[in-house]
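A.B. asks: Predicted coordinates and the sequence they were generated for:
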Amino acid sequence: MSVRSRGESVLLHMTAPSREDFDIPAHDVGPRGAPPQLALVAGLHGNELNGVFVLSRLASFLRQVVDGGRPGAALLGRVVVIPAVNVLGLNVRRRAWPFDGTDVNRMFPGYPAGETTQRIAAAVLAATVDAHWRIDIHSSNVDFEELPQVRLFEPDDEERAAARWLGLPVVLERPVTPLLTTTLAYAWKTTGGRALVVQAGYAGSLQLPHCERLFTALVGFLERSGVLVGVRLAEADHDVHTFGPRQSFPLISEHAGWFVSRLEVGRWIQAGDLVGSVYDGFHGDLVAEVRSPVAGLLAGVRRQPLLCEGDLVARVLVQDEMSCLPETYLMGHGQ
Amino acid sequence: MPIQRRHESFFSLALPYRERLVLERALIAGGPGPRLAIVSGIHGDELEGLYVCHRLAARLDALLERWPEALRGTVELYPALNPLGLDTLERAVPIYDIDLNRAFPGQAGGLVPHRLADAVMRQLAGAALVIDIHASNIYLREIPQVRIARAFEAGLVSMARSMNLDLIWVHEASTVLEHTIAHSLNASGTPCLVVEMGVGMRLTPAFAEQVTTGILHVARALGVLHRDVELEPIEHRPLVADDNNVHYLNAQVSGIFVPCVEHWIAVRRDELLGRIVSPLMAQPLAEVRSPCDGVLFTLREYPLVYEGSLLARLMEVSP
């Protein structure tokens, strides 16, 4: 990673076939000479805007702290912030690397002499691998809104404790699946550091309430990990709930048509509560009322109204463990 | 037993507005013998396998017209496993943007791609052999070849040797490939060979004839066809590659790749294979040379390249 100017560095410089060369830039703020305390990454998918926006705003905030614009506040450790990895994808509003359609977050650990996105992955890993804490921020896909949450993959106790520092309402623990082995979070885990994944909102637009919560969470993390002192933004973590792999219930519709829901993510629901309604696409008749068969925290709701048979309409986090691991089949979108 | 020909759907799912997503297959059954299944179109941008299905049906028709008893088992054609992808020129399953070949073995109550995968797995279980035909992607042209994971090479390599192909590539395990149709079938006891041929969004009729001949030979060897059936002779004997003798050539610089050699030729170490040029400059940006003596079994078809784009793959062969 080469230093470009005040607090900025370049992960990767690349030529392009028919436009000017491009960079993947990063912010590198705080005291130099030691490995980063924290590495923050977003925009592995170019259409997941919440994380990109929040990290760019956080970089501005951290520069203010370093420049003395926040009296009493100080940054005691080095922080690397990569708002967007998939720069071209962000500019043309696509999830994948636009030139070849590959998903950057399925290319880890990467390979510096390999395919374009393997090179990008290798550069991201190299820039973040030395950091003590690493957080990869995602939205869900464009169809499904997720309550801001931390995702841990077969975590250790240090990761569990660190997840609570964010103060986000939900910590989800998940199994390591074959697909996960190609992601940045898994590459971080295999290189011996601590890895958290944060997911908030849905792709394709900004949801400001989620962004504000995410910003507060990251400042809280910096504060509780001792990297940032003298700033009081975050509340205590009294409302954090942890759920295991068998406590996540996906509500799948067996009907097609229009799906509409008035529910907001983050509320607690009872078994039998109405989650949404399905209307026939052509006739407009009510086809089904979708009710939750379980009680729990509504952690995700479908925002895409066009509904196929078999689509996910909601995710409810439940108190009691279920016998199966249905979520294993639902990964592949988001993150 | 008279020959039965059936064209039927085996999976259907409601789409939001009026239409349904339907998976179809064709069965040609001649007797109680073994089942041979051809699947293609898992990726919506790969068309070569659809044409192979057609050619296989046509060649079987001609053969059975001469000798109806020649078919002892069943030939099953599953030409379009990702019909929405084919309809929309998309590789992945549209709406979900999920690669269907990373969704196996699937789940009946899961998301749409997993439901598709589950339905396909149920149909294919128990086949004597499944041949999953792929057509590379829009970027690369491939010589007809079969790819076999090391864990399943026993049995499959010998079958692939008599399939009229040019190359067998035995590759090491990759965790993410555990979600492919081939891995799922092989792991559950239904043998599956993965054929790669040609290029995405195009047809290569000569390759289709070559592979169809190979499939008929395998059908005869399996007992799907009578052992006395006369077939066109095998003309292609495969080289056997593995991860130790395959070289990848990636673009050193972004630009336009212009090859100066034909696909599937023998090349010498340091031989010029092509140039990367810029539309803005007279001087070439880079020369692309062979890293070894070998045969060029993959060659880039799509001219624009980014740094890292794959230009060619060679199997190292001693001169």
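C.D. replies: Alright, I've got the coordinates.
A.B. asks: contacts, neighbours, all on C-alpha from now
C.D. replies: OK.
A.B. asks: Name all residues that make contact with the closest residue to A:Y279 other than its chain neighbours.
C.D. replies: Spatial nearest neighbour of A:Y279, chain neighbours left out: A:L286 (4.4 Å); criterion: CA to CA, 6 or more residues apart in numbering or on different chains. Residues near A:L286 by CA atoms under 8 Å, 6 or more residues apart in numbering or on different chains: A:277-280.
A.B. asks: As PDB, could you dump the C-alpha coordinates of the helix or strand hosting B:S184?
C.D. replies: B:S184 is part of helix B:181-187, with elements assigned from DSSP states H and E. Extracted in PDB, the C-alpha atoms of helix B:181-187 (Å, rounded to 0.1, in the frame of the first residue of the first chain):
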ATOM      1  CA  ILE B 181     -24.000 -30.200  -9.800                       C
ATOM      2  CA  ALA B 182     -21.000 -32.500 -10.700                       C
ATOM      3  CA  HIS B 183     -19.700 -32.600  -7.100                       C
ATOM      4  CA  SER B 184     -23.200 -33.100  -5.700                       C
ATOM      5  CA  LEU B 185     -23.900 -36.000  -8.100                       C
ATOM      6  CA  ASN B 186     -20.600 -37.700  -7.800                       C
ATOM      7  CA  ALA B 187     -20.700 -37.400  -4.000                       C
END
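A.B. asks: what's the helix or strand just after it packed up against?
C.D. replies: Remark: after helix B:181-187, the chain's next helix or strand is strand B:192-198, criterion DSSP H and E. Counting by 3 or more CA pairs under 8 Å, 6 or more residues apart in numbering or on different chains; DSSP states H and E, the packing neighbours recorded for strand B:192-198 are strand B:129-134, strand B:140-149, helix B:153-161, helix B:181-187.
A.B. asks: next helix or strand past strand B:192-198?
C.D. replies: Following strand B:192-198 in sequence, per DSSP H and E, is helix B:205-222.
A.B. asks: Which residues does that next one contact?
C.D. replies: B:34, B:36, B:48-49, B:51-52, B:55-56, B:128, B:144, B:159, B:162-165, B:197-198, B:225-227, B:229, B:231-232, B:234.
A.B. asks: So which residues on the stretch 201-319 of chain B come close to chain A?
C.D. replies: B:250, B:253-256, B:278-279, B:304-310 (CA under 8 Å from any CA of the partner chain).
A.B. asks: Could you list the low-pLDDT ranges of the stretch 151-300 of chain A?
C.D. replies: Flagging of the stretch 151-300 of chain A using pLDDT under 70 yields the residue ranges A:233-238.
A.B. asks: if you set the cut-off to 80 instead, what comes out?
C.D. replies: In the predicted model of the stretch 151-300 of chain A, residues A:193, A:232-238 satisfy pLDDT under 80.
A.B. asks: can you give me the strands in it?
C.D. replies: Counting by DSSP state E, counting those that start in this stretch, the segments of the stretch 151-300 of chain A that form strands are A:170-174, A:194-201, A:228-229, A:241-243, A:248-252, A:257-260, A:268-269, A:274-279, A:286-291, A:296-302.
A.B. asks: Tell me if the last one is near chain B.
C.D. replies: No. Using CA under 8 Å from any CA, strand A:296-302 stays clear of chain B, coming no nearer than 13.3 Å.
A.B. asks: before we move on, back to that, give me the subset of the contacts of helix B:205-222 lying in strands.
C.D. replies: If you go by DSSP state E, the contacts of helix B:205-222 have B:36, B:144, B:197-198 in strands.
A.B. asks: Would you mind giving me the ChimeraX syntax to select the buried ones in these?
C.D. replies: Isolation of the buried members of these (16 or more other CA atoms under 10 Å in any protein chain shown) is achieved in ChimeraX through the command below:
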select /B:36,144,197,198
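A.B. asks: okay, the ones in strands among the contacts of helix B:205-222 in JSON lines with pLDDT next?
C.D. replies: Output for those, formatted as JSON lines (pLDDT from 0 to 100):
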{"residue": "B:L36", "pLDDT": "98"}
{"residue": "B:P144", "pLDDT": "98"}
{"residue": "B:M197", "pLDDT": "98"}
{"residue": "B:G198", "pLDDT": "98"}
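A.B. asks: Just the closest of the ones in strands among the contacts of helix B:205-222 to chain A, please.
C.D. replies: For the ones in strands among the contacts of helix B:205-222, the closest approach to chain A (CA to the nearest CA) belongs to B:G198, at 18.0 Å.
A.B. asks: contacting residues for the closest one?
C.D. replies: Neighbouring residues of B:G198 by CA under 8 Å, 6+ apart: B:48, B:135-136, B:141-144, B:204, B:207.
A.B. asks: Give the PyMOL command for selecting the buried subset of the residues you listed.
C.D. replies: In PyMOL, this line selects whichever of the contacts of B:G198 come out buried by 16+ other CA under 10 Å:
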select buried, chain B and resi 48+135+136+141+142+143+144+204+207
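A.B. asks: farthest-separated two in the contacts of B:G198?
C.D. replies: Largest separation among these by CA to CA: B:S136 and B:F207, giving 13.0 Å.
A.B. asks: State the pLDDT value of residue 76.
C.D. replies: In the absence of a named chain, chain A is used. For A:L76, the model assigns a pLDDT of 96.
A.B. asks: think we crossed wires, I meant chain B
C.D. replies: Looking at B:E76, its pLDDT stands at 98.
A.B. asks: Run through the bridge partners of it.
C.D. replies: Note on B:E76: beta-bridge partners by DSSP bridges are B:L27, B:A37.
A.B. asks: Could you give the number of residues near residue 164?
C.D. replies: Answering for chain A, as no chain was given. 24 (other CA atoms under 10 Å in any protein chain shown).
A.B. asks: wait, I meant chain B there
C.D. replies: B:N164: 25 surrounding residues under other CA under 10 Å.
A.B. asks: Might you report the residue contacts of it?
C.D. replies: Applying CA under 8 Å, 6+ apart, the residues contacting B:N164 are B:210-211, B:213-214, B:234-238.
A.B. asks: and which of those residues is nearest to A:A73?
C.D. replies: B:P238 (68.7 Å).
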